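Undergrad: Next come a sequence and a model predicted from it.
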Amino acid sequence: MLRVTTVPAAHPEICRDGNAFARCVGFIIEYKGRCLYHAGDTAITDEFLSILKRFMPIDVAFLPVNEQNYFRERRGIIGNMTIREAFGLAEEIGARIVVPTHWDMFASNQVYREEIELLYKLINPKFKLSIYPQTL
């Protein structure tokens, strides 16, 4: 059975409407005993992390790595996580595979593939990195 659950996203904080529904969301997709998490646009907050941990372990996590920083914000660009934050999140939620997202969408908000690969090599996390997955 396929089950899709929305989880709040923090962009940059979790915002809710008058009915307490999150305005920005990510998705947990559960199918055939596997759990995939697609973050969409999100940063990390304590509330976000505590909600996401309910779905551990995550087999595959699609995490945005177009970082939020002062210079991007000054140009009106709302980023998401840094590569290090995404890797830390992946380890906290027990992700087995991480697929970086949003890093190559727009030149003004890009992260270089080499940055992702270098940090992965230097940090040596427990999960597998899959930049251009063909299958998962």
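TA: Everything's here; your move. Numbering: from 1, shown residues only.
Undergrad: Show me which parts of stretch 47-63 are buried, residue by residue.
TA: Across stretch 47-63, burial judged by 16 or more other CB atoms under 10 Å covers 48, 51, 52, 55, 58, 59, 60, 61, 62, 63. C-beta: built from backbone N, CA, C; applies to glycine.
Undergrad: okay, residue 69: pLDDT?
TA: pLDDT, residue 69: 84.
Undergrad: need the contact list for it.
TA: residue 79 (CB atoms under 8 Å, 6 or more residues apart in numbering).
Undergrad: Quick check: nearest residue in space to the residue positioned nearest the centre of the chain, chain neighbours excluded?
TA: What sits nearest the mean C-alpha location of the chain, by CA atoms, centre = their mean, is residue 63, with 2.4 Å. Nearest residue to residue 63 in three dimensions, chain neighbours excluded: residue 86, at 4.2 Å (CB to CB, 6 or more residues apart in numbering).
Undergrad: Could you confirm that neighbour falls within a helix?
TA: Yes. When DSSP: H, G, I helix; E, B strand; the rest coil is applied, residue 86 is found to be in a helix.
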